[in-house]
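Novice: Predicted model and sequence follow; I will ask about them next.
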Amino acid sequence: MKNSIGVSRRTILKTGAALGGGVLASGMTLSQAIWAAEGKVLMARCAGSPQKLDPHFYVSSIEVDVMNCIYSKLTRFKPGSEWGWELEAAETVEQIDPTHIRFRLKKGIKFTGGHGELTAKDVKFSFERAIKLNAPTKPEWGPLDHVEIENDHAGVIVFKTPYVPVWMISLPYAVGHILSEDAVMSASKDGGDFGIKPPAFSGPYILADWKPNQFLLLERNPDWSGPKPGFDEIRIVPIGDDKTAERAYQASDVDFTRISVDSLAKFKSAPPADTKVEEHPSLYYSWIGMNLDHPKLKDINVRKAIQWAINVPQILDAAYAGQAAVSTGTIPPGIVGHRDKALVPPEGDLVKAKEFLEKAGVRDLTLTIDCENASTYSTIAQIVQSQLSQIGIAVVVNVQDSGSFWTLGMESDGDRWKDMQLIVNRYSSLPDPHYSTSSFVQEQVGVWNWERFRSERFDELSTKALAIADPQERAELYQEMQDLMEDSGAYRFLTHGASPIMYRNTKVLASTRPDGAPLFIDFQPV
């Protein structure tokens with residue numbers, strides 16, 4: 001739903017500093033640099049500067065990577081190459097019937113700041129908070145009704161109807177993080193969004209310092225009673241552009257980073273010294289979106305013309321050096337609901353595109369296309385600009401920094417959505433098809449549904465699929481949902497990309513999810 005996937009803000013590099021000077025460029029003190037050399041400080045790159053550390057108001061997956069370090073959840077994703085979950089704050093978790101899940105907490109997990117032990121009361125507060133606040137992440141809890149408290153350390157999660165995605169979305173990811181009710185209510189009267197300033201911590205690390213667009217510093221939590229994490233400190237450096245991050249890595253400014261897909265072949269054949277390069281399949285999905293409510297895009301024939309004019313392989317050759325595969329929708333290969341092919345062929349068809357434009361009776365059309373200020377996305381926008389010019393549509397490319405881009409379609413952030421026309425978008429996902437489709441229900445219009453796509457049938461299928469356990473039956477529903485999205489003309493699906501990473505294996509033993517996302521609390525010094 002969210003981007004990382006990136007969110008990328010204007011980094012320290014983009015504001016005048018040049019990585020490559022090691023200590024000075026990373027903002028480390030001399031003592032911190034020495035610690036890093038000894039393996040006590042992890043220097044890791046993320047794709048942008050975190051904007052929120054509130055589980056129900058998070059914006060991107062990089063924020064979840066941080067929240068995994070500072071809060072606790074009942075369960076968590078297992079590290080490794082296979083998707084699965086394991087217990088974290090829970091001693092036991094069991095599905096007792098289709099709508100009830102019983103949990104028992106481990107004892108002795110403490111919140112910082114004198115806010116006491118993590119109890120079932122905090123679980124109830126945290127999970128029900130999304131409903132109470134009507135938070136943007138409310139869909140991730142599906143038909144959650146309430147949490148029943150049995151005693152201080154046990155309770156039952158109650159759903160109105162069966163909710164299959166709870167095991168791979170709700171519990172192990174963002175909204176599964178447990179907050180201190182006492183701390184949150186003390187920080188705000190209504191228990192609302194606390195932004196980037198958590199009122200209490202319960203994980204292995206605490207947030208020690210944060211300088212927007214420069215770094216985020218995590219230090220060991222002195223109140224943590226669980227397994228000791230591998231590093232004394234984790235310094236996370238926001239670098240929005242993969243190419244810039246690669247240069248930062250080669251200059252020893254970071255020891256872990258995602259790399260660009262088009263650099264993968266080069267680094268595999270000739271990796272930097274003491275470096276391990278890993279390939280991971282991506283759950284992200286990228287597409288060109290169209291604002292259905294903009295006057296210039298209300299005619300479906302205009303949207304169809306744009307769909308058929310866009311040649312996806314040409315875009316991928318330019319933006320990903322041909323190293324990324326064409327996607328067929330929002331759901332990637334290997335996940336329930338993946339489509340074998342899209343309705344519009346990858347190469348499109350300029351003749352058909354011109355026919356649709358002629359049917360619309362449109363002449364001298366000029367559109368805008370918004371994208372993030374990373375090279376991949378600006379390249380995509382420029383190729384689309386060129387392709388649409390072939391059918392007589394002029395396109396103005398608007399390149400924006402992350403902070404501006406990721407509020408563009410949000411009604412809560414003003415009226416800019418009314419001027420948005422075309423957009424190069426990319427959302428992160430999770431290993432359940434609901435996550436790849438839930439952003440596009442009508443309830444999400446003006447939140448994450450920036451195309452303002454509305455379909456009663458889509459919403460009906462989305463609800464129905466939540467309760468179906470049979471993979472094949474479930475897959476058919478999600479395939480139809482993607483057909484409906486594409487048939488609206490508001491989407492031209494591009495790619496899932498890939499998630500290659502590299503890290504300095506003389507300093508770091510990295511631990512990731514199957515898609516390469518870092519699990520920092522499991523990183524160990526070498």
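Specialist: Structure's in. What do you need?

Novice: tell me the pLDDT at the residue located most distally from the centre of the chain?
Specialist: Taking Cα atoms, centre = their mean, the residue of the chain most remote from its mean C-alpha position is G361, at 39.2 Å. pLDDT, G361: 96.

Novice: Where does pLDDT dip in the stretch 1-150 of the chain?
Specialist: Residues of the stretch 1-150 of the chain meeting the criterion pLDDT under 70: 1-39.

Novice: Please, where are all the strands along it?
Specialist: Under the criterion DSSP state E, counting those that start in this stretch, the stretch 1-150 of the chain carries strands at the ranges 41-46, 72-73, 75-77, 85-87, 90-97, 100-105, 144-151.

Novice: Partner strands of the fourth one and their direction?
Specialist: This points to strand 85-87. strand 75-77 (antiparallel) (DSSP bridges).

Novice: so how many other residues sit close to the residue lying closest to A490 once chain neighbours are set aside?
Specialist: Ranked by Cβ to Cβ, 6 or more residues apart in numbering and with sequence neighbours excluded, the top spatial neighbour of A490 is E451, at 4.1 Å. Placement of C-beta: from N, CA and C, glycine included. E451 sits with 26 neighbouring residues when counted by other Cβ atoms under 10 Å.

Novice: What residues of the longest helix anywhere in the chain count as buried?
Specialist: Secondary structure of the chain per DSSP state H: the longest helix is helix 471-487. Across helix 471-487, burial judged by 16 or more other Cβ atoms under 10 Å covers 474-486.

Novice: could you point out which element follows it?
Specialist: The first helix or strand that comes after helix 471-487 along the chain, using DSSP states H and E, is strand 491-495.

Novice: Does anything pack onto that following strand? Which helices or strands?
Specialist: Counting contacts by 3 or more Cβ pairs under 8 Å, 6 or more residues apart in numbering; DSSP states H and E, strand 491-495 packs against strand 285-290, helix 300-309, helix 312-320.

Novice: now stretch 514-523: how far from the chain's centre is it?
Specialist: Chain-centre distance of stretch 514-523: 14 Å, with Cα atoms, centre = their mean, to the nearest Å.

Novice: Output that stretch as PDB, nothing but the C-alphas.
Specialist: This file holds the C-alpha atoms of stretch 514-523, laid out as PDB (Å, rounded to 0.1, in the frame of the first residue of the first chain):
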ATOM      1  CA  PRO A 514      12.400 -13.000   1.400                       C
ATOM      2  CA  ASP A 515      12.000  -9.700  -0.600                       C
ATOM      3  CA  GLY A 516      15.300  -8.200   0.700                       C
ATOM      4  CA  ALA A 517      13.700  -5.800   3.200                       C
ATOM      5  CA  PRO A 518      16.000  -5.500   6.200                       C
ATOM      6  CA  LEU A 519      15.200  -6.900   9.600                       C
ATOM      7  CA  PHE A 520      17.700  -4.700  11.500                       C
ATOM      8  CA  ILE A 521      17.200  -6.300  14.900                       C
ATOM      9  CA  ASP A 522      18.600  -9.500  13.500                       C
ATOM     10  CA  PHE A 523      21.700  -7.900  12.000                       C
END
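
Novice: How far does stretch 202-215 sit from its chain's centre?
Specialist: Relative to its chain's centre, stretch 202-215 lies at 19 Å (Cα atoms, centre = their mean).

Novice: what's the answer for stretch 421-441, then?
Specialist: With Cα atoms, centre = their mean, you get 9 Å for stretch 421-441.

Novice: picking up where we left off before, list of residues touching the longest helix of the chain?
Specialist: Outside helix 471-487, the residues that touch it by Cβ atoms under 8 Å, 6 or more residues apart in numbering are 164, 307, 328-331, 336-339, 342-344, 433, 436-437, 440, 453, 455, 457-458, 461-462, 464-465, 468, 491, 493.

Novice: From G489, how far off is A381?
Specialist: Using Cβ to Cβ, to the nearest Å, one obtains 19 Å as the distance from A381 to G489.
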